[in-house]
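Chemist: my questions concern the predicted model and sequence given below.
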Amino acid sequence: MAIRKITTPDNPEPPGGIFSNCLVVGDQIFLAGMTAGGKEFNPTGGDDAYEQCKAALNKVKVQLAAAGATMADVVKMTVYITDIAVRAPFGKARAEFFHEPLPCSTLIIVKGLVDPRLVVEVDCTAIRGASKSA
């Protein structure tokens, strides 16, 4: 099986060619960490944790769609937050994007992200078409 890189203009690749946003192997989809980083890296949602969480999850959704999958195909998610206070806003946002069966999830509190204004980063693994067999 070959590794395919999936790109979308709605979620541009990171500058400098240091990693890929999305790789697909067969029906497995691997996403890099998605943040609320926007144009010129100003965080979408400003300093509102809930809005940043929604923006990061929306990037996941956009990237999965480009790979032919949906949020219902996500089987594993790792969430990095900069403060335990972000847990509740993330939970609220997550409930808007995921439904049963919910993906397995790991929550990690980190000292910081690539930009100190960011409060959340989410990476996921999905299996294209998995939700159709659930």
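Modeler: Yes, it's here. Numbers count the residues shown, from 1 in each chain.

Chemist: tell me who's in contact with Leu118.
Modeler: Thr35, Ala36, Gly37, Pro43, Gln52, Thr82 (CB atoms under 8 Å, 6 or more residues apart in numbering). No exception for glycine: its C-beta is placed from N, CA and C like everyone else's.

Chemist: what are the ranges of the helices in this structure?
Modeler: Per DSSP state H, the chain carries helices over the ranges 49-66, 87-97.

Chemist: now the shortest one: average pLDDT?
Modeler: The predicted model gives helix 87-97 an average pLDDT of 97.

Chemist: burial count for the nearest residue to Ala130 once chain neighbours are set aside?
Modeler: Using CB to CB, 6 or more residues apart in numbering and skipping residues adjacent in sequence, the residue nearest Ala130 is Asp73, 4.8 Å away. Neighbour count for Asp73, taken as other CB atoms under 10 Å: 22.

Chemist: does Asp73 touch Ala65 like I think?
Modeler: No - Asp73 is beyond contact range of Ala65, at 10.4 Å (criterion: CB atoms under 8 Å).

Chemist: hmm, back to that, dump the helices of the chain into TSV; add distance to Arg117 and mean neighbour count as well.
Modeler: Formatted as TSV, the helices of the chain follow (distance: least, CB to CB, whole Å; neighbours: other CB atoms under 10 Å):
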stretch	distance to Arg117	mean neighbour count
helix 49-66	9	21
helix 87-97	15	16
